[in-house]
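Student: Quick one, structure for this:
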Amino acid sequence: ISSACANLATGDELGGLFGTLDAVENCTGIVGPLIGGQLARLGQAVPLGVVVACYGANFAIIAAFYGRHVGNKGLAHASSAKKSQ
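Tutor: Numbering: from 1, shown residues only. So this is what the prediction gives:
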């Protein structure tokens, strides 16, 4: 994920981007177990179902937008690197 995100920002913006990604990851490490504990009160399989649904939603979002935002830049970067060799 980090290498794909590095293509989204310029060199001057990378520190802020990775700082934001790190902050979000740390917050989810705190909030996730709290939500999971509450969901477990509804049933033992409920947290797993929610996690699977979230991964499915993430996959759908990435599949829909990856080519537009990251894939084309990565391909352009790779082809320009081959041309410079």
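Student: for this protein, what spans make up the helices?
Tutor: For the chain, applying DSSP state H gives helices covering 2-6, 14-40, 46-66, 72-84.
Student: residues near Thr20, how many?
Tutor: Per other C-beta atoms under 10 Å, the neighbour tally for Thr20 reads 11. All C-beta spots, glycine's among them, are computed from the backbone N, C-alpha and C.
Student: Tell me how far it lies from Glu13.
Tutor: Taking C-beta to C-beta, to the nearest Å as the measure, Thr20 falls 10 Å from Glu13.
Student: what do you get for Gly36?
Tutor: Counting by C-beta to C-beta, the gap from Gly36 to Glu13 is 33 Å.
Student: Can you get me a residue count around Leu17?
Tutor: 15.
Student: residue contacts, it?
Tutor: Remark: with contacts taken as C-beta atoms under 8 Å, 6 or more residues apart in numbering, Leu17 is in contact with Cys5, Ala6, Leu8, Ala9.
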